[in-house]
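Student: Structure for this input, please:
(one chain, ligands or ions: 1)
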Amino acid sequence: MTVRHTDYPGEGLAEAELAPTPLAQVQRWVADAEARQAGRGDVPEPTALSVATVDAAGVPNVRTVLMRFLDGRGPGFVTDLGSAKSTEIAATGGIAAALTWPSMYRAVRFRGRAVAIERGEIEAYFVARPWGSRISAWASEQSRPVVDRVALVAAYDHFAARYPDAGSPDDVPVPDGWGGWRIDCDEVELWAGRRDRLHDRLVYVRAGDGGLDDPGAWTVLRRQP
Ligand SMILES: Cc1cc2nc3c(=O)[nH]c(=O)nc-3n(C[C@H](O)[C@H](O)[C@H](O)COP(=O)(O)O)c2cc1C
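Tutor: Predicted coordinates for the structure are as follows:
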């Protein structure tokens, strides 16, 4: 590994330009990242979300998923409900996540509690997935060991034969063990990299009940970089 010292010439983030709600601010930055990908093409997965959990013994874990939901109830993602992350969430309820866009010198951090996404929303999302992805949701018992790739492909072939591609959104049912999690946030931090490591960190901290779209539920503070 080569240690490089790259300065971040970002524009930063000032209190005056911050949106009145965390939802509006995060939506603005996600839209910027998507536009950047459509233009310069240097943000390949603008909604890649690093998700951290802890198991019952307090041992942390982290992995990347795709943010598939974002509204006043918080960011959400889909996954296997028997996976390591889901087991850890069931054990503790605690969750943190980050969207990171290094080429834009920006990151967002969410902290809060995981809440199961309602079945109806999961079903609506599932039918929009490509057929092969829906088959893999049946074939993979995520996070559990498998002997080899041959066994994995055999499982895929088994479910592909059971639920052939009829070109219809309901040709593959949603597996019972497949679902998603939303982050009911206590804080949302916006990080903007600036020169000489003197970055901006503005944080929406929960001040009362209400969603990410409720300006009365949040107070803003600045943290040292
Ligand atoms: C860019 C990217 C996107 C991913 N998206 C998802 C996703 O949306 N859902 C998911 O369960 N895993 C996704 N994965 C795989 C996870 O990183 C991880 O391997 C998997 O969820 C198992 O994690 P766990 O064993 O900690 O539960 C993605 C990986 C990458 C690199």
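
Student: how many neighbours does the residue nearest to residue 10 when sequence neighbours are not counted have?
Tutor: Nearest residue to residue 10 in three dimensions, chain neighbours excluded: residue 105, at 3.3 Å (Cβ to Cβ, 6 or more residues apart in numbering). The C-beta positions use only the backbone N, C-alpha and C, and glycine is treated the same way. By other Cβ atoms under 10 Å, 20 other residues sit near residue 105.

Student: Quick check: residue 105 touching residue 194?
Tutor: Yes: using Cβ atoms under 8 Å, residue 105 is in contact with residue 194, at 7.5 Å.

Student: do you know how far the residue nearest to residue 10 is from the ligand?
Tutor: Using Cβ to the nearest ligand atom, to the nearest Å, we find residue 105 at a distance of 20 Å from the ligand.

Student: Let me see the contact set for that residue.
Tutor: Listed by Cβ atoms under 8 Å, 6 or more residues apart in numbering, the contact partners of residue 105 are 8, 9, 10, 192, 193, 194.

Student: and it, backbone torsions?
Tutor: phi 60, psi 40 (degrees, to the nearest 10).

Student: which neighbours does the lengthiest strand in the chain have in its sheet, and in what orientation?
Tutor: If you go by DSSP state E, the chain has its longest strand at strand 178-192. Using DSSP bridges, strand 178-192 pairs in its sheet with strand 74-80 (antiparallel), strand 106-116 (antiparallel), strand 200-206 (antiparallel).

Student: now, of those strands, which is deepest in the fold?
Tutor: Each of those was scored by mean neighbour count; the highest is strand 74-80, a mean of 23, by mean count of other Cβ atoms under 10 Å.

Student: which residues sit against it?
Tutor: Residues outside strand 74-80 that contact it (Cβ under 8 Å, 6+ apart): 26, 49, 51, 65-70, 85-86, 97, 110, 112, 115, 117, 122, 125-126, 137, 140-143, 177-185, 211-212.

Student: Can I get that strand in PDB? Just the C-alpha atoms.
Tutor: The C-alpha coordinates for strand 74-80 follow below in PDB (Å, rounded to 0.1, in the frame of the first residue of the first chain):
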ATOM      1  CA  GLY A  74     -35.300   6.800   7.000                       C
ATOM      2  CA  PRO A  75     -33.100   5.000   4.400                       C
ATOM      3  CA  GLY A  76     -33.800   1.400   3.700                       C
ATOM      4  CA  PHE A  77     -32.300  -1.700   2.000                       C
ATOM      5  CA  VAL A  78     -33.400  -5.200   1.000                       C
ATOM      6  CA  THR A  79     -31.700  -8.300   2.200                       C
ATOM      7  CA  ASP A  80     -32.000 -11.900   3.500                       C
END
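
Student: Now look at that strand and say if it contacts the ligand.
Tutor: Yes: counting by Cβ under 6 Å from any ligand atom, the ligand has neighbours in strand 74-80: 77, 78, 79, 80.
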